[in-house]
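In: heads up, no residue letters with this:
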């Protein structure tokens, strides 16, 4: 293979892109640097790296099966991974969209459930953001959104059917932060 031209970092393919060997070596060197700085421990899972920083995400997204083998995974295990995918953590906006946007969104499910009791349930934008922040703080991601809503709405689901005066109810940020949507809140909404 011809030597690299002056000013170039390594061999290139005919199309002008760096060869896979050069790119892999660069990724391995970055991983070793991260280990030496204490940012990454050998054998540490990708989720524990702290991919939230964009440069770490870019670094890991360039990893190839050969890099995983050089990092310590056994070839038999790497061979059973047909695709290596790198995921970023969901931010607050993404969690709010998951709560409200899909056809079968969790918030829409609760609204439909309360329609059976002839109550119009609303969630303020701040309440949705507070739910998303709780999911991020608990590090439960999108799957934890349902858990948080179930904790919040449990008492309301049992006490609301007996309240005939309540025709509309709005869940607010304060209710989410206090984790309290109780009968007293319903009585305040009714008056």
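Out: Right, received. Where do you want to start? Everything numeric here is computed off the predicted structure, so don't read it as measured data.
In: quick one: the strands in the chain?
Out: Assignment of strands within the chain using DSSP state E yields the ranges 120-123, 168-171.
In: now what about the last one, what contacts it?
Out: Looking back up the chat, that one is strand 168-171. By CB atoms under 8 Å, 6 or more residues apart in numbering, the residues outside strand 168-171 that reach it are 114, 119-124, 127, 152, 156, 160, 181, 186, 189. For glycine as for every other residue, the C-beta is placed from the backbone atoms N, C-alpha and C.
In: could you do the first one as well?
Out: Strand 120-123 has contacts (CB under 8 Å, 6+ apart) with 100, 107, 110-111, 114-115, 167-171.
In: ChimeraX command for the buried members of these?
Out: Remark: buried members of these, expressed as a ChimeraX selection using 16 or more other CB atoms under 10 Å:
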select :107,110,114,169,171
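In: low-confidence ranges in the protein?
Out: 1-58, 84, 182-191 (pLDDT under 70).
In: can you list the domain ranges for it.
Out: Per the record, the chain has its domains at 20-79, 92-190, by automatic domain parsing.
In: related to what we said a few turns ago, and which of the contacts of strand 120-123 is nearest to residue 73?
Out: Closest approach between the contacts of strand 120-123 and residue 73, by CB to CB: residue 100, at 39.3 Å.
In: my guess is that closest one contacts residue 127, does it?
Out: No - between residue 100 and residue 127 there is no contact under CB atoms under 8 Å: 10.7 Å.
In: name the nearest of the contacts of strand 168-171 relative to residue 138.
Out: Once CB to CB is applied, the member of the contacts of strand 168-171 that ends up nearest residue 138 is residue 152, at 13.2 Å.
In: skipping its backbone neighbours, what lies nearest the closest one in space?
Out: residue 181 (5.6 Å; CB to CB, 6 or more residues apart in numbering).
In: which residues does that neighbour contact?
Out: Taking CB under 8 Å, 6+ apart, one finds 152-153, 155-156, 171, 175 in contact with residue 181.
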